[in-house]
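Enquirer: sequence unknown, structure follows:
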């Protein structure tokens, strides 16, 4: 008999993010294998309480949106109770929790525990959540420790989307059972690459001898937006010009807009096909984060043929295993980002070797087929 999986993800499509895409693609791969898949999330987007999304049954709990929507909290009301009753009536074989520190995750772990369902929790982070306020960050860290202690009572099995994530949860005295890697749908990306329709060089009047540096993701401080923009502005004062194209929105949108120039181009939120077009036309993808799990954007950039510059935080170093594959920076200081950009832009031969090595490693290790193979073995 085919298994019935229930995946709890605090945020889900149409809200965009790495955890959301991880949930979507493992759900789609399980469906392809004949499994029944339910996703339980929070209604952060004002969508229907229930819908069938490409064969995935999606339930959305009502919620309060804290920290600009980054931390949804369950709202216990009539809609909540209705979904809760519906879930209790279903016979699930396995529960997957993405990720650890949400109230939503506690609900999921307790739900699985009380029904005696096999349950795993997948870690997506490598540091405490930060709001860039020393006092609030300290309070948040205390909350996270208390929260995790409660979660450990209900859920006993933990994995990470990278080895770095597995290392991080040792901070909470959790020994991960293994890695369930973040991945890409390589077939989907290859198909999109064949039908490229958006010419960014033409739209932004970028000469053929000028390089494009891409960023794709949420515009947050922890993604290194300030350092990246500072490094590009410095580069363009004394070298051949480079263009920075930033696809995404978020808390630092106003900061990015203030720095818009002939060489810094905020694109706003883009559809996935448009992001693929951007990455295909870019020479370098730069993600100078100081907090990551295993960034989906890096995997997608490699699939599109970009040379990668990123930090050692998170799982990217498990793809970029040495300096031949790309540049892994020790931290995201602006001068370090500048030096990395200068090296990459000036050495096309280095970029060519790195692109090829990374693509081959991606193909062998970081696809959803391989990740779901591991999930099925573990559950």
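Expert: Good, I have the coordinates. All figures in this text were calculated on a predicted structure; none of them were measured in a lab.

Enquirer: For residue 211, what are phi and psi?
Expert: The phi/psi pair for residue 211 (degrees, to the nearest 10) reads phi -90, psi 150.

Enquirer: Make sure it is actually in contact with residue 345.
Expert: Yes: here residue 211 lies in contact with residue 345, judged by C-beta atoms under 8 Å, at a distance of 5.1 Å. Using the backbone N, CA and C atoms, a C-beta is placed for each residue, glycine as well.

Enquirer: For these two, list the residues in contact with both.
Expert: Any residue near both residue 211 and residue 345 by C-beta atoms under 8 Å, 6 or more residues apart in numbering counts here, and that gives 240, 242, 283-284.

Enquirer: between those residues, which has the most around it?
Expert: The most crowded member of the shared contacts of residue 211 and residue 345, judged by other C-beta atoms under 10 Å, is residue 284 (24 neighbours).

Enquirer: rewinding a little: list the ones among the shared contacts of residue 211 and residue 345 that fall in strands.
Expert: Among those, DSSP state E puts 242, 284 in strands.

Enquirer: Redo the shared contacts of residue 211 and residue 345 as CSV? Include pLDDT and distance to residue 103.
Expert: Output for the shared contacts of residue 211 and residue 345, formatted as CSV (pLDDT from 0 to 100; distance: C-beta to C-beta, whole Å):
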residue, pLDDT, distance to residue 103
240, 83, 50
242, 96, 43
283, 97, 43
284, 98, 39
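
Enquirer: Go through the shared contacts of residue 211 and residue 345 and name the one nearest residue 256.
Expert: Ranked by distance to residue 256 (C-beta to C-beta), these are led by residue 242 at 16.3 Å.

Enquirer: so what's the closest one bridging to?
Expert: Residue 242 forms beta bridges with residue 211, as assigned by DSSP bridges.

Enquirer: Isn't it up against residue 341?
Expert: Yes: Residue 242 is within contact range of residue 341, at 7.0 Å (criterion: C-beta under 8 Å).

Enquirer: what residues do those two have in common as contacts?
Expert: Shared contacts of residue 242 and residue 341 (C-beta under 8 Å, 6+ apart): 213, 232, 235.

Enquirer: closest to residue 67 among these?
Expert: For the shared contacts of residue 242 and residue 341, the residue nearest residue 67 by C-beta to C-beta is residue 232; the value is 28.4 Å.

Enquirer: tell me the pLDDT at the closest one?
Expert: As predicted, residue 232 sits at a pLDDT of 97.

Enquirer: Please apply the same query to residue 293.
Expert: With respect to pLDDT, residue 293 has a value of 74.

Enquirer: Touching, it and residue 129? I think so.
Expert: No: Residue 293 lies out of contact with residue 129 (C-beta under 8 Å); the separation is 11.9 Å.

Enquirer: in the chain, which segments are predicted with low confidence?
Expert: Residues of the chain meeting the criterion pLDDT under 70: 1.

Enquirer: Can you list the buried residues in the lengthiest helix in it?
Expert: The helix that spans the most residues within the chain, counting by DSSP state H, is helix 134-154. Neighbour-count burial for helix 134-154, counted by 16 or more other C-beta atoms under 10 Å, picks out 140, 144, 147-148, 151-152, 154.

Enquirer: Of all pairs in those residues, which one is the farthest apart?
Expert: Top of the distance list for the buried residues of helix 134-154 (C-beta to C-beta): 140 and 154, 21.5 Å.
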